[in-house]
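1. Provide a 3D model corresponding to the input given below.
(4 chains)
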Protein chains: 2
Amino acid sequence: MSGTANETANDTVRLLWGPPAKPTRGPKPALTPERIAAAGVEVADAEGLGAVSMQKVAGLLDFTKMSLYRYVPGKAELVALMVESAVGEPGAPADAADWREQLTAWAAQLTDSFARHPWLLDATVGPRVIGPKELMWLERVVAALDGHGLTGPERMDAAVLLAGHVRGIAEQSRTAGPAGSPEAELLAVLGTVVRQHADRYPAVAAAMAEPGGRDQAFDFGLERILDGLAALIERRAGQA
Amino acid sequence: MSGTANETANDTVRLLWGPPAKPTRGPKPALTPERIAAAGVEVADAEGLGAVSMQKVAGLLDFTKMSLYRYVPGKAELVALMVESAVGEPGAPADAADWREQLTAWAAQLTDSFARHPWLLDATVGPRVIGPKELMWLERVVAALDGHGLTGPERMDAAVLLAGHVRGIAEQSRTAGPAGSPEAELLAVLGTVVRQHADRYPAVAAAMAEPGGRDQAFDFGLERILDGLAALIERRAGQA
DNA sequence: AGAAACTGTGTCCGACGGACACTGTTTGTT
DNA sequence: AACAAACAGTGTCCGTCGGACACAGTTTCT
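-> I've put the predicted structure just below:
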């Protein structure tokens, strides 16, 4: 859980980026890292990342926990594989789409991934090695912004900005949770607390009292970001 | 680590929001939740959130681990107290500052908190109860945007947007880490990988090859967000 | 026919969060 | 002044976790 980066970095890189396998001698492996990761994803989808243990994943595959270590150096690497498997690849950008449409579709797709696998938020905190599929998400943003007067670092920064927003929204909708869930109760408790301390938090209390469509946060933030990018692009086009 | 919200929510709320204490009979408590939280922060600052255990925190205070449970229901609640203690309160907004200046200062302050306590990123993932100081950060953003034609939900959404950006930046600078650190090696490894697979990630490879000042990501994203908000505010002012 | 390389299993360890029973201490009540 | 209730801190125990290690069984190359 901590963010301590260790010497397993190279192992992780080899697992995520290296060739699939190569041995010849001995019994044939009954498993693959991919199957193990898929089982881990299954557990995490059903019971959260905290419920993912070597025991449980192995049990789901009808193996002992120690056999998994033949395919995966440790739990951290298993989680990395799970992330790579769950985040998937971004869809190909539509041919006729301009940068704004491309980024909008991108953000919607990424939000969808987080919605399907909420534990991705837990699993992608802290310094870590990124896999090929995950890197493709970055590639799409940078490519979409190519040729609009932004520098390379600026295009990367824009990707960080977009990804941060998607993350924030995913976190928020997880806190909200489905109606009747324990998460929804959390939100209700927060509302009560704010109302009780309305004197110390007048602006929040007033904002929360106002009616208004929920679930607008995604579009609101995205539009602000894209407007801001558009303004910069126009400015650069003007002085070019 | 997992995002499972439990029935301890009420306990946590009482700890964070309730009165300090009230007992009369029996020996006087030698500790306080605050002192325990401070010890936890000390451990987390030095060795990361993963190193925070009841054992270690208790040892730092010269008590046994079970004595901590007299003050804190469990580890989750301890972490919540640590977050509340470490994030601190936002500074009072400058009197003459307009909304843009206020939000800029706010973002810089919050970034500073994350820089001082990188483990805050780990500790603030998933549904959880928010404390009084943390809520004050939200209050400042919403208050700064009062009276500019934005609806209540929109002001809240803007806060989520800003906080998401600060988080993203904090995460990024943690991945970069100080020179020579294992985190820095991670980044170097990523660079190597991208260069090796430049055919699949041409846009990223090109963007990374371009020279350019690092550490611009914070300002870049912030300016885009504020530009986007300014555009909305102007639009609303025009049609009012 | 070895021998080498590899797979999967069983056992063991230290660290973790936490339940529980217990001793000792302080305070309100009689 | 005596006692009982309430509380603080300790020590012990349990289940679960990630992981090290030795071992038996299996496949393939020499």
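
2. can you give me the helices in chain A?
-> Ranges of helices in chain A, per DSSP state H, are A:9-17, A:33-47, A:54-60, A:65-68, A:75-87, A:99-116, A:120-123, A:132-144, A:152-176, A:182-196, A:202-209, A:217-238.

3. The first one to helix A:33-47, inter-axis angle?
-> For helix A:9-17 against helix A:33-47, the angle by axes from the mean of the first three to the mean of the last three C-alpha atoms, to 10 degrees is 90 degrees.

4. What are the contacting residues of helix A:9-17?
-> Contacts with helix A:9-17, where a contact means C-beta atoms under 8 Å, 6 or more residues apart in numbering or on different chains, come from A:33, A:72-73, A:76-77, A:80-81, A:84, A:128-132, B:182, B:185-186, B:189, B:193, B:197. From N, CA and C alone the C-beta is placed, and that goes for glycine too.

5. which parts of chain A sit against DNA strand D?
-> Contact residues, chain A versus DNA strand D (C-beta under 7 Å from any atom of the strand): A:24-28, A:51-56, A:65-66, A:69, A:74-76.

6. same thing but 10 Å
-> Within chain A, the residues that sit near DNA strand D (C-beta under 10 Å from any atom of the strand) are A:6, A:8, A:23-28, A:40, A:43, A:47, A:49-59, A:64-70, A:72-79.

7. so which of these are also by DNA strand C?
-> With the criterion set as C-beta under 10 Å from any atom of the strand, the members of the residues of chain A next to DNA strand D near DNA strand C are A:23-28, A:58, A:64-70.

8. filter those to the buried ones?
-> Buried members of these, scored by 16 or more other C-beta atoms under 10 Å in any protein chain shown, are A:Ala58, A:Leu68.

9. Need the ones next to DNA strand C among the residues of chain A next to DNA strand D in JSON lines (columns: distance to A:Leu121).
-> Shown next, in JSON lines, are those (distance: C-beta to C-beta, whole Å):
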{"residue": "A:Pro23", "distance to A:Leu121": "36"}
{"residue": "A:Thr24", "distance to A:Leu121": "41"}
{"residue": "A:Arg25", "distance to A:Leu121": "42"}
{"residue": "A:Gly26", "distance to A:Leu121": "40"}
{"residue": "A:Pro27", "distance to A:Leu121": "39"}
{"residue": "A:Lys28", "distance to A:Leu121": "37"}
{"residue": "A:Ala58", "distance to A:Leu121": "25"}
{"residue": "A:Thr64", "distance to A:Leu121": "30"}
{"residue": "A:Lys65", "distance to A:Leu121": "26"}
{"residue": "A:Met66", "distance to A:Leu121": "30"}
{"residue": "A:Ser67", "distance to A:Leu121": "30"}
{"residue": "A:Leu68", "distance to A:Leu121": "24"}
{"residue": "A:Tyr69", "distance to A:Leu121": "27"}
{"residue": "A:Arg70", "distance to A:Leu121": "30"}
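
10. My read is that A:Ala21 contacts A:Lys28, right?
-> No - under the criterion of C-beta atoms under 8 Å, A:Ala21 makes no contact with A:Lys28, lying 10.5 Å away.

11. ok, now which ones touch A:Leu229?
-> Taking C-beta under 8 Å, 6+ apart as the contact definition, A:Leu229 lies against A:Leu103, A:Leu145, A:Ala158, B:Arg224.
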